[in-house]
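**Student:** prediction below, plus the sequence it came from.
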Amino acid sequence: MNFELSEEARMIRESVRKFAEEEIRPLAHDLDKKEEFSVELTKKMGELGLFGIFIPEKYGGVGLGYIEYIIAVEEIARIDGSQAATLAAHNSLGVGPLYYYGNDLQKEKYIPSLCTGENLWGFGLTEPDAGSDAGGTRTTAILCPEDENSWIINGSKIFITNASSPITLGSTVQTVTGKKAGGKKEYTCFLVDTGTEGFETRTMHDKMMWRGSNTAELFFDDVKVSDNNLLGERGDGFHIMLDTLDRGRLSIAAMGLGAAQGAFDLALKYARERIQFNKPISTFQGTAFKLSDMAVEIEAARNLLYKAAWLCDNGKDFKKESAMAKLYTSEVAHRCVNNAVQIHGGYGLMKEYEVERLYRDQRVLEIGEGTSEIQRLVIARYLGCYDDAKMK
Amino acid sequence: MNVFVLIKQVPDTEAMLSVRNGTSINEESIKWIISPYDEYALEEALKLKEKDADVVVNALTLGPVRAEGALRSALAMGADNGIHIECNEDLDIETRARMLAETIKKESDTGLVFIGKQAIDDDSNQTHILVAEYLDMPITTNIISFKLEGDKVTCEREIEDGDIETVEMNTPCVVTASKVLNTPRYASLMGIMKAKKIELTKITLSDLGNISTEKKTFTKRLFAPPEKAPGRLLEGEPEEMVKELVKILKDEVKVL
């Protein structure tokens, strides 16, 4: 067994950490306060090479693996959940499906400008009535009666990251295109460009978390798209969704790990500086034990996540581990931000202190891209909990 | 045109340093970085390369095996070549400067040598001047702006009372970078990947001809500055406090 990261992975961590501390940290508070998405910061992340990390160089990517991607997301999330959300959603949900399922024409058309940070791409899956239960999807696409090479999309999507920013090029949209032989819904994914007639996006406001990232509602009113906009084949939608989420979980897990590490770093620094009863509070067991527990859980979370990423990079089955990593890191992050605020005392409740933002930003990690409950369900399936019931 | 950037690997500014054996620092678990002023020097060289495709940026370091890390970082930022004079011995600065100068002399068509105004570990402020001397090149230290037109270098440097002095030199020459010169770029992921493919040039003392390594300077003792005594807070009415303060300044501190 070898736990040593490659020299490139270590250099990437160093460079991304420096970038996050010097470029993102000074702006994070203001962007959060104003609920503002920063095009400039997104472009800077693009220049650093953070978009398209696992995309081959021929499409403008960096040609690295998931472990390097995970480390980059972790380092950004250590400082700011919002920018990490832009980064993780764009790579895993925006560029990812285009690269894995797009045909050559689609890849050449879309991927290059998505790798530089000039443009973003969304992934429209969740609907007002279809959250954990994707079976509730109501957005439909039907073949155009007067033009057999075109489709008409109707419906809406909600909570879609990066889908209405000023630099969004379009979104991948999951639709129902009919019924399969067994009576199950047939799902198909379409690429819908910004500005297509009948396609509207609305930025969602008043969020508790990720306030510096872009979240949108999408509306489709007789949106006509051609066959060329099909991602994969008709009926591939369900598989594309599952596969995208399996990989996406790794990056949400990286956000949990980064948030946990960020909260721990702030808490340790504060605890060593804060004097009460004439001593740094880090010397009191009540505080010291909290910090010890946080450090242990972060170490365990990192090992679980890196192993899942390693499995993915080495072409092995990683689905169970990615669900485990997503579940565990987001819950470790929950405990770490909670402890970190407790250690900060009253100051931890003030927006002037970074830990307050980390506390709010953490909450979505147990909900987005599959709630903790859904992760447990996925893991239980892999454990075989439901196999006997299926046989009957 | 060849451009050299002298890079020194130093402990991270946030590293917790401790003394070992009374004359050196404990290197265990220290994070090593490029000395920040050398990063400004490198950035200025890279800017030159962006303007002129004929410029080849050579990052040069002298140090033990771990100093390779500093060269990799320089390559990841955009340097074309990395040259490592591998040396584990604690040599005099004068000897090191000779070794650096001799290495630079091996290349022809060298127009500029960029160096940080000082290294942040020993702050000795000698290497750059000695290197310039051994290369027989003019030097301008502590520059805050840099311009190259043909073979004329114009740079500004900060002098006493915040005044600014403008200096002109002809290439080949040496300049040393201060903090306000520029903002160093981040090593991009593409840069890190590119750096991986570049092979470092390794040089040892024996490749550099007859350089005497006889030591003329020795570290007698290395010690952490004594901890400051905690501040004292005077209490009471303003009149009493002033009286007390005057008394302290007269009798204890003896400045009045």
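**Tutor:** Looks like it came in fine.
**Student:** just give me the longest helix of chain A.
**Tutor:** helix A:237-273 (DSSP state H).
**Student:** could you list the buried residues of that one?
**Tutor:** A:237-238, A:240-241, A:243-268, A:270-271 (16 or more other CB atoms under 10 Å in any protein chain shown). C-beta: built from backbone N, CA, C; applies to glycine.
**Student:** surely residue A:351 touches residue A:360?
**Tutor:** No: using CB atoms under 8 Å, residue A:351 and residue A:360 do not qualify as a contacting pair, with a distance of 9.6 Å.
**Student:** more neighbours, these two?
**Tutor:** The residue with more neighbours, out of residue A:351 and residue A:360, is residue A:360; 17 against 11, by other CB atoms under 10 Å in any protein chain shown.
**Student:** so does the longest helix of chain A get close to chain B?
**Tutor:** No: Helix A:237-273 stays clear of chain B (CB under 8 Å from any CB of the partner chain), getting no nearer than 11.2 Å.
**Student:** swap in stretch A:15-28?
**Tutor:** Yes: for a cut-off given as CB under 8 Å from any CB, stretch A:15-28 has contacts with chain B, namely A:15, A:18, A:19.
**Student:** spatially, what comes nearest to the first one if we skip its sequence neighbours?
**Tutor:** Which is residue A:15. residue B:187 (4.4 Å; CB to CB, 6 or more residues apart in numbering or on different chains).
**Student:** what's the distance between stretch A:204-213 and the middle of its chain?
**Tutor:** Distance of stretch A:204-213 from its chain centroid, counting by CA atoms, centre = their mean, to the nearest Å, is 15 Å.
**Student:** buried residues in that stretch?
**Tutor:** Buried, per 16+ other CB under 10 Å, within stretch A:204-213: A:204, A:207, A:209, A:210, A:211, A:212, A:213.
**Student:** want to throw the residues you listed into a markdown table with distance to chain B?
**Tutor:** As requested, those are exported to a markdown table (distance: CB to the nearest CB, whole Å):
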| residue | distance to chain B |
| --- | --- |
| A:204 | 31 |
| A:207 | 29 |
| A:209 | 27 |
| A:210 | 23 |
| A:211 | 25 |
| A:212 | 20 |
| A:213 | 21 |
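**Student:** any idea how far stretch A:139-146 is from the middle of the chain?
**Tutor:** 31 Å.
**Student:** what's it in contact with?
**Tutor:** Residues from elsewhere that reach stretch A:139-146, judged by CB atoms under 8 Å, 6 or more residues apart in numbering or on different chains: A:124, A:127, A:150-157, A:173-177, A:188, A:190, A:220, A:224-225.
**Student:** chain A contacts on chain B?
**Tutor:** So chain B meets chain A at B:72-73, B:76, B:186-193, B:195-196 (CB under 8 Å from any CB).
**Student:** follow the chain on from the longest helix of chain A and name the next helix or strand.
**Tutor:** strand A:275-276 (DSSP states H and E).
**Student:** from the buried residues of stretch A:204-213, which land in strands?
**Tutor:** Using DSSP state E, no member of those sits in strands.
**Student:** may I ask which two of the residues of chain B next to chain A are separated the most?
**Tutor:** The span of the residues of chain B next to chain A, defined through CB to CB, is set by B:186 and B:196 at 16.7 Å.
**Student:** please say which of those two ends up with more neighbours.
**Tutor:** Comparing residue B:186 with residue B:196 by other CB under 10 Å, the one with more neighbours is residue B:186, at 20 against 14.
**Student:** contacting residues for the more buried one?
**Tutor:** Counting by CB under 8 Å, 6+ apart, the residues that residue B:186 touches are A:15, A:18, A:19, A:48, B:77.
**Student:** residue B:142 sits in which helix or strand?
**Tutor:** strand B:139-149.
**Student:** export the helix or strand just after that strand as PDB, just CAs?
**Tutor:** As assigned by DSSP H and E, the chain's next helix or strand after strand B:139-149 is strand B:152-158. Extracted in PDB, the C-alpha atoms of strand B:152-158 (Å, rounded to 0.1, in the frame of the first residue of the first chain):
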ATOM      1  CA  LYS B 152      19.200  49.200 -22.400                       C
ATOM      2  CA  VAL B 153      17.700  48.300 -19.000                       C
ATOM      3  CA  THR B 154      15.900  51.100 -17.100                       C
ATOM      4  CA  CYS B 155      14.800  50.400 -13.600                       C
ATOM      5  CA  GLU B 156      13.700  52.300 -10.600                       C
ATOM      6  CA  ARG B 157      14.800  51.600  -7.100                       C
ATOM      7  CA  GLU B 158      13.600  52.900  -3.800                       C
END
